[in-house]
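**Student:** Provide a 3D model corresponding to the input given below.
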Amino acid sequence: MRSAGSPSDRSQPRRPGYMPSMPALEDSPPTASTSRDPLASLPLGSIPIIFAHPDDPLPRKRNFSLLYGDYKPKTRSRLEQPDALVLSDGDADGDDVEAMERSESPEEQDKLEQLEAELDSLDEQIRSLKKLRNTLAATIASHRSRIASHRSRVPKGKQGAQAPAKVSPAAVDYTASNAYSWSKEAKRLAKEVWGVTKWRTVQEPAINATMDGRDVVTVMPTGGGKSLIYQVPALLSPGLTVVITPLISLMSDQVHNLHSRDIAAEAIHASTSQDEIKAVMKRMLGNAAPAAKGKGKKKAEVDDNDDAEPLKLVYVTPERIEKSKTFVNTLQKCYDAGLLSRFVIDEAHCLSSMGHDYRPGYLSLQRLRVLFPKVPILAVTATAPQNVVADMLKILGLSPRISPGHAALPQTTVLFSAPLYRPNLRYSVVPKPANAQVALEAMIDWVLEYHPGESGILYTLSRAECEKISQAINGHPRTKGKMRAAVYHAYIDDAEKQRVHDHWRSGRITTVVATNASFGLGIDKADVRYVLHGSLPKSLANHYQESGRAGRDGLPADCITFFRAADASRLSTLTYDTFSSGGKEKLYEVIRFAEDKKTCRKVLFARYFESTYDAGTTFDASDEDGDAPCGHCDNCLRDPSTVSTRNVSLAAYRALRIIVAATAQRGTLTLPQAADLVRGNGGGTFSTQETKGKGKGRVDVKKEGGAKVDLTKDETEQMLLMLLVEGWLQEDFHATAYSVNSYVRPSSSALRLTRLNPSAVSSADDLPVTLSMDVLVSGGKKRKAPAASSSKAPAKKAKKVAAPLETDDADEDAADWGFGSGSGSGEVDDDELEAFEHARALEPSSDGAMDDEGWASVKTRGARGKGAAANDTGTTEVLELE
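**Tutor:** You can find the predicted model right below:
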């Protein structure tokens, strides 16, 4: 660049730092530029220009440079204004540049570029290490917080003698028995109508509080008698109790149960006709006349032309409150006439978006307190941690101040919480075979061995699986007379749901195959002997809620979960939209529960609930420490010799190094695909994000990891799952036209291991972190479970009585139901099947080929076998679930 000085200036001696005046540049306004040159966009009018003599020793490639210490061409957007611009006054022919280029050899240029690349790499590692340090610091702080929280929850029995807490004179003790005017009548009704001779835990206190007109929140275990808390007060009160429930099946169960006890109750839902709705709303207003007491009900005088009895309870969905102006208007008339006794919010955890069964329609219930401010609200649920309870109170407009039932202060919400442990439930986690057909056979074998002909629920993750499994069960040669299944999910119509429910309740079918979200809330069937999960639930709260539908009669019941590590990716894709709001932690917690092969299941549940619920919640009233084993779960009965603890630090190091290399090439790896890659399968090839996932990358497994991972496929998947839930790996989600896929990649914590060079790592002793996992091995003997005993249930063994099953010949509705191996309710249409396959990250299968999880399309194949009846081609059509 030519100097701006005059020619005469060049003959004068110059000093470094000499700066002639530059009126042209000083007066030029700043201009915007789209040039890639970082100087082009600088406001030159405000920068002092320093001219350098050609003989000045300026080490530069170009004839200008910035006196700016942190200048990096790759981060132009972060450039700060330099202190000064140095312009060389070399001649216009670029003699300086040419001389410099002549002085630089290609070798020197290559060396310079290598050094610059190494510097960039070091900078990147420093940034990664800083991020890793912050992650470790946060983890340490979290551990310290949990330790401090645990120490603060000193068991009551170990606190020593303490002075009793002072109770306000204004506080009310609702736990006092027989202390209220309604106490004697409540006991009479409970005994004569429901056959209840002794109250359970918090039933009587909660009844006292709601009868006293208080807003109440009650948390009780599934099967703990929550419905009695509002059904008895409904008969004691002169008006109408409105019960808001989430599912039609729940309403049907409750109303059927009440009708059998001659109690005036009805339900309004989507299947109710307009004439029936009008009749129900008319009966709601029939409570206006004085009522005469009767056994289990109250009779009232109604219109002269109407002999219908006034209702004591009406069940509706939250959507009825949200969308039906006519129904809300009827409630307003009841309120104006003083006929509304209370609102009951059943399964109240559905109110909160932080709850595991969140339902948006419940948000409409916030209008209840606005429209009917004097009507008390009773919220009941089996699962409500502190944050969910707080959310419930806010939505319902209840007082955020909570007081306990034994010292209930005025203008507060009264909270009752019962121990959640149910000793008659036996929990087990069973290894799930990779092949879907083998897994299904294992589930059927288990039911036929332990509960033939008895009632149960089999939960799956999708409606397509419901259809497949139900059809396979009914067509199985060994299930006739012992096991009959029907499908229940959100996509069958309400009439069919009601039919399935009625048949199951009456014993015409034994097993309901249902999706987790569609069936079970509030199910009032006492003799459910088993709940079987074909896949892991989405959280421990879900697991507790769903498994709690077994054994409500107090007799022993089994809660079985089939699980394999590869299922975790699928669960993630079903819950990914909640990951930012706590869904990830909930899912990983239930995965840890399933992977634990040593700790008692009751203890694991206790740790979860006592860490998420308020400090006053006790999982087991007889075990304040929460560490006494149940003695009858799979881990309590497992022979210790069948569990091997293995150090997988070296395998984890190698796996992480290989996955890092694949991720650097934009690799897309599901957990099963990552397991194959790190074991060296496929020659180190993997799919990439290029060309819509059809691109291929390749990793030198030996070079990156030192060697391939020397574990079985199941063990490798288990190890990768452990790395995922413990934070060494993380999930990325990618949407397709049909589904969302989950891909694993290293997290920032992985750098703790991957920064080490394979040449320096020959054994686990060379690693700074020790990672171990428990694996099952063959051998040993199963321990014998102690005799089942419970203060709530008979100590005798449950008597197995086969449910009255109908034969195929006697079932005139078999064709309509799709029982057997024919079509019907078990048929899957092509669109749903294709969507199902894509949801499992599969290509549609035309030849029955299995994916890593053992799933392929449902089809029939020709099978030859001894004794098989041959068709025209000499083969038998056999349902194949590969």
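**Student:** Now residue 774: phi and psi?
**Tutor:** phi -100, psi 130 (degrees, to the nearest 10).
**Student:** for residue 770, same thing?
**Tutor:** Dihedral angles (degrees, to the nearest 10) for residue 770: phi -110, psi 120.
**Student:** swap in residue 490?
**Tutor:** Note on residue 490: backbone dihedrals following degrees, to the nearest 10 are phi -70, psi -20.
**Student:** Let me know the distance separating it from residue 496.
**Tutor:** 12 Å (C-beta to C-beta, to the nearest Å). Every C-beta, even on glycine, is put in place using the N, C-alpha and C of the backbone.
**Student:** Pop the domain breakdown of the protein in here.
**Tutor:** What automatic domain parsing lists as the domains of the chain is 7-92, 183-417, 425-629, 645-776, 843-880.
**Student:** can you list these in JSON lines and add distance to residue 133 and mean pLDDT?
**Tutor:** Shown next, in JSON lines, are the domains of the chain (distance: least, C-beta to C-beta, whole Å; pLDDT from 0 to 100):
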{"stretch": "domain 7-92", "distance to residue 133": "22", "mean pLDDT": "47"}
{"stretch": "domain 183-417", "distance to residue 133": "30", "mean pLDDT": "85"}
{"stretch": "domain 425-629", "distance to residue 133": "23", "mean pLDDT": "87"}
{"stretch": "domain 645-776", "distance to residue 133": "10", "mean pLDDT": "89"}
{"stretch": "domain 843-880", "distance to residue 133": "36", "mean pLDDT": "34"}
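**Student:** Switch these over to a markdown table; also include distance to residue 177 and mean neighbour count.
**Tutor:** Shown next, in a markdown table, are the domains of the chain (distance: least, C-beta to C-beta, whole Å; neighbours: other C-beta atoms under 10 Å):
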| stretch | distance to residue 177 | mean neighbour count |
| --- | --- | --- |
| domain 7-92 | 73 | 13 |
| domain 183-417 | 6 | 19 |
| domain 425-629 | 18 | 20 |
| domain 645-776 | 47 | 18 |
| domain 843-880 | 55 | 13 |
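**Student:** ok, and the residue nearest to residue 745 when sequence neighbours are not counted, which helix or strand is that part of?
**Tutor:** Of all residues not flanking residue 745 in the chain, residue 663 sits nearest, at 4.7 Å (C-beta to C-beta, 6 or more residues apart in numbering). Assigned by DSSP states H and E, residue 663 belongs to helix 649-664.
**Student:** Report the next helix or strand after that helix in sequence order.
**Tutor:** The C-terminal neighbour of helix 649-664 among helices and strands, as given by DSSP H and E, is helix 671-678.
**Student:** Against which helices or strands is that next one packed?
**Tutor:** Helix 671-678 sits against helix 567-575, helix 649-664, strand 685-688, helix 701-705, helix 713-725, strand 740-746, with contacts defined as 3 or more C-beta pairs under 8 Å, 6 or more residues apart in numbering; DSSP states H and E.
**Student:** repeat that with 10 Å
**Tutor:** Counting contacts by 3 or more C-beta pairs under 10 Å, 6 or more residues apart in numbering; DSSP states H and E, helix 671-678 is packed against helix 567-575, helix 649-664, strand 685-688, helix 701-705, helix 713-725, strand 729-735, strand 740-746.
**Student:** what's the last one packed up against?
**Tutor:** Using 3+ C-beta pairs under 10 Å, 6+ apart as the contact criterion, the elements in contact with strand 740-746 are helix 567-575, helix 649-664, helix 671-678, helix 713-725, strand 729-735, helix 830-839.
**Student:** how does it look with 7 Å?
**Tutor:** The contact analysis (3 or more C-beta pairs under 7 Å, 6 or more residues apart in numbering; DSSP states H and E) places strand 740-746 against helix 567-575, helix 649-664, strand 729-735.
**Student:** Over to the third one?
**Tutor:** Under the contact definition 3+ C-beta pairs under 7 Å, 6+ apart, strand 685-688 sits against strand 695-698.
**Student:** what pairs with the strand it packs on, and is each one parallel or antiparallel?
**Tutor:** strand 685-688 (antiparallel) (DSSP bridges).
**Student:** what residues does the partner strand touch?
**Tutor:** Strand 685-688 is contacted from outside by 662, 665-669, 673, 677, 693, 695-698, using C-beta atoms under 7 Å, 6 or more residues apart in numbering.
**Student:** May I see those organised as JSON lines, with distance to residue 766 added?
**Tutor:** As requested, those are exported to JSON lines (distance: C-beta to C-beta, whole Å):
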{"residue": "662", "distance to residue 766": "23"}
{"residue": "665", "distance to residue 766": "27"}
{"residue": "666", "distance to residue 766": "30"}
{"residue": "667", "distance to residue 766": "27"}
{"residue": "668", "distance to residue 766": "31"}
{"residue": "669", "distance to residue 766": "26"}
{"residue": "673", "distance to residue 766": "28"}
{"residue": "677", "distance to residue 766": "23"}
{"residue": "693", "distance to residue 766": "37"}
{"residue": "695", "distance to residue 766": "35"}
{"residue": "696", "distance to residue 766": "33"}
{"residue": "697", "distance to residue 766": "28"}
{"residue": "698", "distance to residue 766": "27"}
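**Student:** which of the residues you listed lies closest to residue 751?
**Tutor:** residue 662 (16.1 Å; C-beta to C-beta).
**Student:** quick one: that closest one and residue 700 touch, right?
**Tutor:** No. The criterion here is C-beta atoms under 7 Å, and residue 662 misses it with residue 700 at 11.0 Å.
**Student:** Show me what the longest helix along the chain is packed up against.
**Tutor:** Across the chain, the longest stretch assigned as helix under DSSP state H is helix 106-152. Contact partners of helix 106-152 among helices and strands, from 3+ C-beta pairs under 7 Å, 6+ apart: helix 751-754.
**Student:** Could you report the distance from the residue nearest to residue 745 to residue 563?
**Tutor:** Between residue 663 and residue 563 the distance is 27 Å, computed by C-beta to C-beta.
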